[in-house]
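Colleague: Here's a sequence, model it:
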Amino acid sequence: MDPQLATEISAGLGAAAGLALAAGGCAYAALSPASRIFGESFIAPRLPGQLALTFDDGPNPAWTPRLLDVLANYGVRATFFLVGSHAYSEPALVRRIVAAGHLIGNHSWSHPNLALTQGSRIEEELLRTSCTLEQITSRPVLFFRPPFGARRPIVLHTARDLGMTPVLWNAMTSDWSNPSAESIAHHLVRSIDRAERSGSAANVVLHDASHLDRAAWRAPSVNAVSQLAKRYKFTHRFVTLDEWSESPAAKL
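Modeller: As a prediction, the model looks like this:
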């Protein structure tokens with residue numbers, strides 16, 4: 001091979017590898033719950049023995065009421081991160097969530113990937129959702145979870161400017177695509193117990209709806225909640241995120 005050609009090929013491969021590493025680094029910064037590269041987000045305090053069940057993408061007229069019945073059966077309060085457009089369509093259901101003692105948070109208006117969204121639209125997504133939820137419930141919205149966990153600095157800054165704490169998680173599985181409640185619960189138990197061993201509370205994500213399909217099947221997720229409640233009702237304290245915000249061990 002011609003030496004110059006070999007040098008050019010080598011340089012090209014090196015540049016490609018560098019771009020791949022940069023892309024991987026950006027993806028980690030934007031999507032990994034553990035990343036602090038783009039700024040701080042709350043996950044869970046150093047309070048082993050406490051467990052926050054959180055639900056994304058609702059409310060859903062088919063599955064959210066069933067989930068509320070399960071939570072009521074076990075006396076568990078949870079946090080619901082609601083999609084604004086879904087909440088606008090189901091105001092009575094939003095009020096039912098709050099009346100049952102649960103906390104609601106902002107999960108954007110239309111569930112875009114905010115790491116790739118124009119800055120002006122980010123503010124619109126968050127502000128429109130908070131205004132809608134506050135009009136429905138007459139309560140301030142204090143917590144925000146970015147869809148997919150995707151964020152960049154402007155996403156976190158916008159949430160804080162609107163008076164919300166950005167929240168991620170330390171226990172999640174692909175319940176949106178897993179047909180087995182037992183499998184969902186098994187994977188979450190491993191994460192919850194791992195958090196316990198590390199001296200941390202567990203912030204669990206499940207889904208009572210789909211941002212893509214209002215008719216999506218969510219029975220496995222709802223049934224997994226029942227299994228988790230049975231397993232941890234005597235060993236853990238179930239909390240809403242605002243309870244952590246009042247704890248000296250939490251830094252929100």
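Colleague: rest of the way, CA atoms for contacts and neighbours
Modeller: OK.
Colleague: same for the strand ranked longest in the chain, what does it pack against?
Modeller: In terms of residue count, the longest strand belonging to the chain (DSSP state E) is strand 50-58. Here strand 50-58 touches strand 79-82, strand 202-207, strand 237-238, going by 3 or more C-alpha pairs under 8 Å, 6 or more residues apart in numbering; DSSP states H and E.
Colleague: from the ones you listed, which stretch is densest packed?
Modeller: strand 79-82 (a mean of 28; mean count of other C-alpha atoms under 10 Å).
Colleague: mean confidence score for that strand?
Modeller: Averaging pLDDT along strand 79-82 gives 98.
Colleague: Show me what the helix or strand just after it is packed against.
Modeller: Downstream of strand 79-82, the first helix or strand assigned by DSSP states H and E is helix 84-89. On a contact count with 3+ C-alpha pairs under 8 Å, 6+ apart, helix 84-89 meets helix 119-137.
Colleague: Send over the helix it packs on as CSV, restricted to the C-alpha atoms.
Modeller: Coordinates of each C-alpha in helix 119-137 appear next as CSV, following Å, rounded to 0.1, in the frame of the first residue of the first chain:
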residue,chain,number,x,y,z
GLY,A,119,-34.7,25.8,23.4
SER,A,120,-37.9,27.8,22.8
ARG,A,121,-39.9,24.6,22.5
ILE,A,122,-38.4,23.2,25.7
GLU,A,123,-39.8,26.1,27.6
GLU,A,124,-43.2,25.7,25.9
GLU,A,125,-43.3,22.0,26.7
LEU,A,126,-42.6,22.4,30.3
LEU,A,127,-44.5,25.7,31.0
ARG,A,128,-47.7,24.5,29.1
THR,A,129,-47.7,21.3,31.1
SER,A,130,-47.2,22.9,34.5
CYS,A,131,-49.9,25.5,33.8
THR,A,132,-52.3,22.8,32.7
LEU,A,133,-51.6,20.7,35.8
GLU,A,134,-51.9,23.6,38.1
GLN,A,135,-55.2,24.7,36.6
ILE,A,136,-56.6,21.2,37.0
THR,A,137,-55.4,20.7,40.6
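Colleague: Next, the residues that contact the helix or strand following it from outside, please.
Modeller: Following helix 119-137 in sequence order, the next helix or strand is strand 143-144 (DSSP H and E). Applying C-alpha atoms under 8 Å, 6 or more residues apart in numbering, the contact partners of strand 143-144 are 81, 104-107, 159, 164-167.
Colleague: mind listing what residue 215 touches?
Modeller: residue 62.
Colleague: Now do the SS call for it.
Modeller: Using DSSP: H, G, I helix; E, B strand; the rest coil, the structure places residue 215 in coil.
Colleague: How much space separates it from residue 236?
Modeller: Applying C-alpha to C-alpha, to the nearest Å, the value for residue 215 to residue 236 is 33 Å.
Colleague: Just the buried residues of stretch 36-44, please?
Modeller: Buried residues in stretch 36-44, counted by 16 or more other C-alpha atoms under 10 Å: 38-44.
Colleague: and the two most separated of those?
Modeller: The distance between the two most remote of the buried residues of stretch 36-44 (C-alpha to C-alpha) is 18.2 Å, for 38 and 44.
Colleague: what pLDDT does the closest residue to residue 170 other than its chain neighbours get?
Modeller: Nearest residue to residue 170, sequence neighbours excluded (C-alpha to C-alpha, 6 or more residues apart in numbering): residue 203, at 5.5 Å. Confidence at residue 203, expressed as pLDDT, is 98.
Colleague: Kindly report the same for residue 206.
Modeller: Confidence score, pLDDT, at residue 206: 98.
Colleague: mind checking the SS state of residue 108?
Modeller: Under three-state DSSP, residue 108 comes out as coil.
Colleague: What degree of burial does it show, as a neighbour count?
Modeller: 28 (other C-alpha atoms under 10 Å).
Colleague: And it, how far from residue 143?
Modeller: Counting by C-alpha to C-alpha - residue 108 and residue 143 are separated by 11 Å.
Colleague: list the contacts for the nearest residue to residue 210 once chain neighbours are set aside?
Modeller: Leaving aside its sequence neighbours, residue 210 sits nearest to residue 57 (C-alpha to C-alpha, 6+ apart; 5.6 Å). Counting by C-alpha under 8 Å, 6+ apart, residue 57 touches 81-83, 107, 111, 207-211.
Colleague: Alright, I will stop here.
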